[in-house]
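Asks: Coordinates only, no sequence provided:
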């Protein structure tokens, strides 16, 4: 940490305003390493924010001194946009490269497997000796990468202010990019949006390190990562606005409006770069472009809402099943052999998927076909309708027709594909390979929707005299569009799993271009969320966060218990008293013993042990560094020196006493306090909204205890009858 | 206020957990009127939230007692959705009715005026004697309604937690609905989204009063109002998703994710109801449906960005001009004659708008025409191109053609219309009539965009050998779509005025259905915001809030000054000491004197005047009510009775002393405190995020002073070199 960031951290503003006291501070240069965090620790948002303001203020003041400083300050002001530009460009490029590589690999694979088509995908990998694509080469590699290959719950936790070192490094970026290509082209039931979010966040982290503004402030860095997540979704689907909303609704913890705006920019640049690379060969950003020729009718809301119910049930089933399986994986021997698991699942997928034409092809192609409206000239099996010989218009507006044998075959195959997709997705997500679940979820919904759509269509054709059809479906009219049902079903299933709402609908119509169908999409999304919420409030990402025990304080969890701060604070009644420092009677040795004996992140400073009146809070890390530096550089500081935090030199009893050590610089004079009577509900709210790391508890001005973010999380788990020790990383 | 809400307010949780002390509380029934706010006061979000949790907890506990209570609790849980449903339905219906009435009136007006077409609109009103539409009848009416007819800055302030009684009442709803019809059909340069947001909020307020959950909790009520605002925008434009985002980005202050979700539902229902009423006679929700036949090219980003710059400049000009005019209106005689002003502006509008065909028609029609692509058979003057005689395909994909005389005439007329619209909009917005500015802003941008578009098109046609055109514009190809430029210009101008970003783009493509043009729209919106921000950070709504001096703490204002809590807190050095109560040595008479002599909203309670150690905070209103009730109902409470806030009865010196009065019930034991060294930046953040009303300042546990929301606002105004007294409603 160089002088720029740290000196402004160490000095509290009051220090410089009130003068420096009667003793000059001995440290002109800042303490090294002050203001950083240990691995697996949570950050203090308020502190990060105020550090950034200090830095900003310093630059603004300096900028009036010379032109050079002015230019530097302008550069600093623009660095946020530059980072966004770079992230957008790199994410877009990587997404383009991944898309191209996946296409190439998929083609290659099919070329190899078609030559011996009775071999399954897996067998194909084992027998072919192609050097460029060889599962034997791929599979052993997974072992090394296994630890890196998780979902995107980690991103969410990091954004909430948790430090996981190496998770967003450049090696992760490289490995993730390569394995994503392999995983997507392998034909497993997974999507690419989760890994692309991770890749984008790695890019964000990479570019953060170029600017001290971001590399030195964990809070600012998380703003960039939020925006990068938006760029990731933007390129995964070509849905820039949906990406921003997804980042807002699902991923981000602490989302100032300015970030919304920057995310928007990053998502724009990423989408634009991807479009310039043009990996799909059409210049559309839209992934599954649809064009329907008939509007929808009020009565159709009934099947749409039923699809919503299905989506909700699927969401519940998926989350419960997947979490149960992942828990089993964590606790049993299974977790020991991630590579074997991947191979087995890939094998099963290949064997079971191959016979059915709807599971054999890539999931994106499947969704695309299911969404499509049947034109008159469509050759797909799904469009095998009995054409009316009297009618041979070549236009797209063809009336409802009876289904031909192809459609009935397709229905059976789709039903089997539905069951297969449901089961295999539950087992695939969460394996140690990069995986997203938008595409598999949408596939489940699209299959179900298309089946319902064909059923309604045939009903309307054969029974158009029924009351429900009479009003809107005359014989010879085109009234039901099965593709629309597939789209609605996809939205419902995606909503059931992720519990997205607004962003879901935006993503859906960015994906499909179907702006006229907001109401059906919304109706299905709302129903699906209601149904799924009735069985459990948590979406798949929160469930995985909880499963992994990350210290994530969910914004959506309502805390409604009647406990008070006094019930949660440490020390408990049976525990030893709180480790505190006094403002002017602790010696260097005492402090060193305290640091050695405890592992707290910081210590409150009180006037005296008798009065217990709080004056501030000092970070363990800064205390350690300050004492070490003083021992090395400052004459007269020995073990028996008194450490003092007041402005004035304490009255030394005898002249021969050693030189005291002034540490007011590192004292945080505005620690956050609540009274012991504060309801925990309010405390939780404060921790969430202000992003605190700890909070001191007082009564009538006396210090009673301390509550940390992890105490809060442990208490919440306890209140929900969960194992409080499931909060990992204590 | 009945027992349900108040009893849980009065009692702090600790009270019930720690037992009730050795003296029974005398008040079994709650104090009447506890927990409400005075007019023009700000609400305390944390308190409202904790009151709601208490209420919720009570209902949950009760629901286990009997089936009837269980049903009641279910009803309570669903009441939020019911309110949303009702709001959506009523807002949609009102919007439909308004649209129908506007159409009818506009037709009627035109019918009358066409009979004597040389009369201006205004003259027409004065001479015609039609009983159903007569400006003579309309104009005097304005006088009575004038006070109610403001913009939507008030909604924003109310949502931030400010009480303005009557602003959202049923009379306002009725009058606003009627006047909106009159104003929109009058042909003034105004849009209907502002008033429709107000109408929707009135609906929200109306339905809140049906459910005690919402009518008794100002925080919950604001959640409903946020959602109602979304429904308002949703029906103003038929843009439900844009409505939700608008409410999120622009209007709402305190927006939990649950509200996002409910807003979405309300917007859906409103849009759906409007569609069922179908006021425009087509079953489209989209206001200006466009369909372009050519993609856009990279090189076109240059004119798009130029349009963004124009949008930013327009935004700056409009905000400065409009605010200057509104300030003049407030400070000079002009403000005394709102009706005259409306008549004069309407007259000028009519006289100047009539000669030009582009200003004569309704603004929505104008925008619609400007957005349109010229088909081969288009008869509009804007589409008067010289057709290539060799080419007579009836398809829409026609190549670029040289402009005919009609286009050149149109260009001149458009340029004049642009100047006229710019000037008249500045003077119209903020008059005492219901007005929105989406439509006029979009019109300005659409005119400018169309002009630029035609210019680029003609350049590309005549100079297709220039390097910039060479790559993408072969002769005989259709490369430039002037309608797209109009759309981009409209987005840029709207963005410059409102500073919306994501919601702007979503609204634009919900309005036009043009999903393929996200990148141009985003580029223009980003540029426009940058340019406009360079001249001043505030959008038009914030500027009006500031002009009116509402106590609104903008989430976007960055506070970066180095002041500390001690610089802001009251009392200042020259002022008398803080009015405090002691925990067990104040008499009833002292309290009554204090209440009479001061007008503070509440008083801190300390252990004793010597130690100044804070134990809690008591609201003025609750104190008044409690003492009044005690004097009436409790025997032995006289002026010399000691008021005590401790759990134990204070030691009474002599036996003959009067009965003491225990008021611990109304004491808030968890007042919010910061230390005097806390940077104001942090304090501002805390006020914003937690929605506090006041905050106490301590040093080493001693009470030093108090900071209220208005102190914060006054300090911020001072720091920005504004008149601190411009914060009205002190």
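Replies: Sure, I can see it. Here the structure is a predicted model, which is why all the values come from computation and not from measurement.

Asks: Could I get the buried residue list for the helix or strand that contains residue A:626?
Replies: Assigned by DSSP states H and E, residue A:626 falls within helix A:620-633. Within helix A:620-633, the residues scored as buried using 16 or more other C-beta atoms under 10 Å in any protein chain shown are A:620, A:621, A:622, A:623, A:624, A:625, A:626, A:627, A:629, A:630. C-beta here means a position set from N, CA and C on the backbone, and glycine is covered the same way.

Asks: possible to save these as a markdown table with distance to chain B and pLDDT?
Replies: Below are the buried residues of helix A:620-633 laid out as a markdown table (distance: C-beta to the nearest C-beta, whole Å; pLDDT from 0 to 100):
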| residue | distance to chain B | pLDDT |
| --- | --- | --- |
| A:620 | 21 | 86 |
| A:621 | 21 | 84 |
| A:622 | 17 | 85 |
| A:623 | 19 | 88 |
| A:624 | 23 | 88 |
| A:625 | 22 | 87 |
| A:626 | 19 | 88 |
| A:627 | 23 | 87 |
| A:629 | 24 | 87 |
| A:630 | 23 | 86 |
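
Asks: Check the residues you listed and tell me the two furthest apart.
Replies: A:620 and A:630 (15.9 Å; C-beta to C-beta).

Asks: so residue A:638 makes contact with residue A:658?
Replies: Yes: at 5.0 Å, residue A:638 counts as touching residue A:658 under the criterion of C-beta atoms under 8 Å.

Asks: Tell me the helices and strands packed up against the next helix or strand after the helix holding residue A:626.
Replies: On the C-terminal side of helix A:620-633, the nearest following helix or strand under DSSP H and E is strand A:642-644. Contact analysis of strand A:642-644 by 3 or more C-beta pairs under 8 Å, 6 or more residues apart in numbering or on different chains; DSSP states H and E lists strand A:586-587, helix A:588-597, strand A:661-662 as its packing neighbours.

Asks: want to throw the ones you listed into a markdown table with mean pLDDT and distance to residue B:240?
Replies: Formatted as a markdown table, those follow (pLDDT from 0 to 100; distance: least, C-beta to C-beta, whole Å):
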| stretch | mean pLDDT | distance to residue B:240 |
| --- | --- | --- |
| strand A:586-587 | 86 | 62 |
| helix A:588-597 | 88 | 58 |
| strand A:661-662 | 84 | 61 |
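
Asks: Of those, flag the one that's most buried.
Replies: Highest mean neighbour count among those (mean count of other C-beta atoms under 10 Å in any protein chain shown): strand A:661-662, with a mean of 25.

Asks: can I assume residue A:479 is in contact with residue A:297?
Replies: Yes: proximity of residue A:479 to residue A:297 meets the contact threshold set by C-beta under 8 Å, at 6.9 Å.

Asks: If you count surrounding residues, which of those two has more?
Replies: More neighbours surround residue A:479 than the other of residue A:479 and residue A:297, with 23 against 15 (other C-beta atoms under 10 Å in any protein chain shown).

Asks: element containing the more buried one, please.
Replies: If you go by DSSP H and E, residue A:479 is not part of any helix or strand.

Asks: Any residues of the stretch 501-650 of chain A in contact with chain B? List them.
Replies: When proximity is defined by C-beta under 8 Å from any C-beta of the partner chain, the stretch 501-650 of chain A lies next to chain B at A:501-502, A:505-506, A:509-510, A:513, A:515-516, A:518-519, A:522-523, A:526, A:529, A:555-556, A:560, A:562, A:564-565, A:607, A:613-616.

Asks: Can you say which of those are buried?
Replies: Among those, the ones that count as buried by 16+ other C-beta under 10 Å are A:501-502, A:505-506, A:509-510, A:513, A:515-516, A:518-519, A:522-523, A:526, A:529, A:562, A:564-565, A:607, A:613-616.

Asks: Out of those, which sit inside helices?
Replies: Judged by DSSP state H, these include A:502, A:505, A:506, A:509, A:510, A:518, A:519, A:522, A:523, A:526, A:529, A:565 as members of helices.

Asks: The closest residue to residue A:249 other than its chain neighbours and residue B:84: what is the separation?
Replies: Distances taken as C-beta to C-beta, 6 or more residues apart in numbering or on different chains place residue A:503 nearest to residue A:249, at 4.7 Å, with adjacent residues excluded. Residue A:503 is 19 Å from residue B:84, where distance means C-beta to C-beta, to the nearest Å.

Asks: same thing with residue A:308?
Replies: Applying C-beta to C-beta, the value for residue A:308 to residue B:84 is 17 Å.

Asks: who's more crowded, the two?
Replies: Shown here are residue A:308 and residue B:84; by other C-beta under 10 Å, residue A:308 has more neighbours (32 against 27).

Asks: which SS state does that one fall under?
Replies: Following DSSP: H, G, I helix; E, B strand; the rest coil, we place residue A:308 in the helix state.

Asks: about what we covered before: and the helices and strands packed on strand A:642-644: which comes nearest residue A:320?
Replies: Of all the helices and strands packed on strand A:642-644, it is helix A:588-597 that lies closest to residue A:320, at 45.1 Å by C-beta to C-beta.

Asks: could you give the angle of that closest one to helix A:620-633?
Replies: Counting by axes from the mean of the first three to the mean of the last three C-alpha atoms, to 10 degrees, helix A:588-597 lies at 140 degrees to helix A:620-633.

Asks: helices or strands up against helix A:588-597?
Replies: Partner elements for helix A:588-597 (3+ C-beta pairs under 8 Å, 6+ apart): helix A:620-633, strand A:642-644.

Asks: Could you export these to a markdown table, including columns for distance to residue A:324?
Replies: Listed next are those as a markdown table, based on distance: least, C-beta to C-beta, whole Å:
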| stretch | distance to residue A:324 |
| --- | --- |
| helix A:620-633 | 40 |
| strand A:642-644 | 54 |
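
Asks: So which of these is nearest residue A:582?
Replies: Among the helices and strands packed on helix A:588-597, strand A:642-644 sits nearest to residue A:582 (C-beta to C-beta), with 9.0 Å.

Asks: List the buried residues in the helix or strand containing residue A:418.
Replies: Here residue A:418, judged by DSSP H and E, is contained in helix A:405-428. By neighbour count with 16+ other C-beta under 10 Å, helix A:405-428 contains the buried residues A:407, A:410-411, A:413-414, A:416-418, A:420-422, A:424-428.

Asks: So which elements touch it?
Replies: In terms of contacts (3+ C-beta pairs under 8 Å, 6+ apart), helix A:405-428 is packed against helix A:301-331, helix A:338-353, helix A:357-360, helix A:438-462.

Asks: Flag every buried residue along the second one.
Replies: Buried residues in helix A:338-353, defined by neighbour count with 16+ other C-beta under 10 Å: A:338-339, A:341-343, A:345-350, A:352-353.

Asks: Give me the domain ranges for chain A.
Replies: Structurally, chain A divides into domains by automatic domain parsing as follows: A:69-277, A:298-385+A:397-548, A:565-726.

Asks: Make a markdown table from these and add distance to residue B:709 to it.
Replies: Formatted as a markdown table, those follow (distance: least, C-beta to C-beta, whole Å):
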| stretch | distance to residue B:709 |
| --- | --- |
| domain A:69-277 | 20 |
| domain A:298-385+A:397-548 | 30 |
| domain A:565-726 | 16 |
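
Asks: Which among those is found nearest to residue B:93?
Replies: Closest approach to residue B:93 among the domains of chain A (C-beta to C-beta): domain A:298-385+A:397-548, 16.4 Å.
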